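# Sequence and predicted structure below; questions after.
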Amino acid sequence: MSDAATSAEAAPYVRYEVRDGFAVLTLDSPHNRNALSSKLVTELLQGLERAAADPAVRGVVLTHTGNTFCAGADLREAVAADPAEAAGIRTQWMVRVLRDILDLPKPVVAQIDGNVRAGGMGIVAACDLVVAGRGSSFALTEARLGLAPFVISLTLLPRMTSRAAARYFQTGETFDAAEAEHIGLITVAADDPAAEVARLCAALRKSSPQGLAESKRLVNAATLAEVDRNAETLAKRSGSFFGTAEVIEGMTAFLQKRPPSWAE
């Protein structure tokens, strides 16, 4: 491994800092579009835990470097291991990330100015407030790989309108921030997402920690119950499809940047 590669691996994939009473977690793995690699997931979970334990932190801002907030699973990491085993591990990571965001007793505000795909969509839906720049784009591309948004449906379905879910779960179409706001996936599409997040954080600071925690608990109670009830079943369903002919073809086609056999 080259010195540059070693240095990149040693650098954090999730940067943590506290600004104006908010823990800012920055997904900083632009080389793979902030994909959900083992390193990024581990550091994200650690950052959420650190923010939850710090009484000086009133909430979390989750943001990113590069032109992609999160591209979903790290497919190169996925194909490097046994497909079924790797899928099981990744789905458990996803469940943990979604549940930790939902259950964190502090508001989580996503600040997006770029692309969101696949598992990144589930993270967006788990956040309490989401601000996206108008140039941002969103897509659920699992069906194009021979899959479905199994685990992330736990957070997506309570946010999106049912008509929008039926469309975008199946077509894999890309849509913009205005559409994301219209269907309930994000809170607001903004010309200046950083300024809008600062405004929302200022409003959140006017609420007491106890008031924030109990209000969030009310909003997320049904979704958390659904996660606890169905996450394991959905994770098993997800894992059962990895290693199938269609998924192998879908992932291979994606990595080779060509249409899959069914789309030719």
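Structure's in. What do you need?

# can you map out the strands along the stretch 151-264 of the chain?
Listed in chain order, the strands of the stretch 151-264 of the chain (DSSP state E, counting those that start in this stretch) span residues 175-176, 188-190.

# contacting residues around residue 188?
Contact partners of residue 188, counting by Cβ atoms under 8 Å, 6 or more residues apart in numbering, are 130, 131, 132, 181, 196. Every residue, glycine included, has its C-beta placed from N, CA and C.

# Among those residues, which pair sits farthest apart?
Pairwise distances across the contacts of residue 188 (Cβ to Cβ) peak at 11.8 Å, for the pair 181 and 196.

# winner for burial among the strands of the stretch 151-264 of the chain?
When you average the neighbours per residue for each of the strands of the stretch 151-264 of the chain (mean count of other Cβ atoms under 10 Å), strand 188-190 leads with a mean of 20.

# Work out the sheet partners of that one and label each with its direction, please.
Using DSSP bridges, strand 188-190 pairs in its sheet with strand 129-133 (parallel).

# Verify the assumption that residue 92 is located in a helix.
Yes. Residue 92 forms part of a helix when assessed by DSSP: H, G, I helix; E, B strand; the rest coil.

# Please report the distance of it from residue 231.
With the distance defined as Cβ to Cβ, to the nearest Å, residue 92 ends up 9 Å from residue 231.

# Among the two, which residue is more densely surrounded?
Taking other Cβ atoms under 10 Å, residue 92 and residue 231 do not tie; residue 231 has more neighbours (20 against 16).

# Spit out the contact partners of that one.
If you count contacts by Cβ under 8 Å, 6+ apart, residue 231 has them with 95, 99, 151, 154.

# Can I get the residues you listed in a markdown table including pLDDT, distance to residue 116 and neighbour count?
Rendered in a markdown table, the data for the contacts of residue 231 read as follows (pLDDT from 0 to 100; distance: Cβ to Cβ, whole Å; neighbours: other Cβ atoms under 10 Å):
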| residue | pLDDT | distance to residue 116 | neighbour count |
| --- | --- | --- | --- |
| 95 | 94 | 19 | 20 |
| 99 | 97 | 20 | 19 |
| 151 | 96 | 16 | 27 |
| 154 | 98 | 17 | 26 |
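
# Which of those residues fall within helices?
When these are checked against helices using DSSP state H, the ones located there are 95, 99, 154.

# How about the first one, nearest residue that isn't a chain neighbour?
The shortest distance from residue 95 to any residue that is not its chain neighbour, by Cβ to Cβ, 6 or more residues apart in numbering, is 4.6 Å, and that residue is residue 231.

# Residue 35: neighbour count?
A total of 25 residues lie near residue 35 under the criterion other Cβ under 10 Å.

# before we move on, what about residue 157?
For residue 157, the count of nearby residues is 16 (other Cβ under 10 Å).

# Surely it is in contact with residue 168?
No. Shown here, residue 157 and residue 168 do not form a contact pair, counting by Cβ atoms under 8 Å, at 11.6 Å.

# pull the longest helix from the chain.
For the chain, the helix that runs over the most residues, judged by DSSP H, is helix 209-241.

# just how off-centre is that helix within its chain?
Taking Cα atoms, centre = their mean, to the nearest Å, one finds the center of helix 209-241 at 14 Å from the center of the full chain.

# Could you do stretch 239-252 as well?
Taking Cα atoms, centre = their mean, one finds the center of stretch 239-252 at 22 Å from the center of the full chain.

# Buried residues, it. List them.
Of the residues in stretch 239-252, those with enough neighbours to count as buried (16 or more other Cβ atoms under 10 Å) are 239, 241, 242, 247, 250, 251.

# how close does residue 168 sit to residue 152?
As for residue 168, its distance to residue 152 is 12 Å (criterion: Cβ to Cβ).

# For these two, work out which one has more neighbours and name it.
Looking at residue 168 and residue 152 with other Cβ under 10 Å, you find the greater number of neighbours at residue 152, namely 28 against 25.
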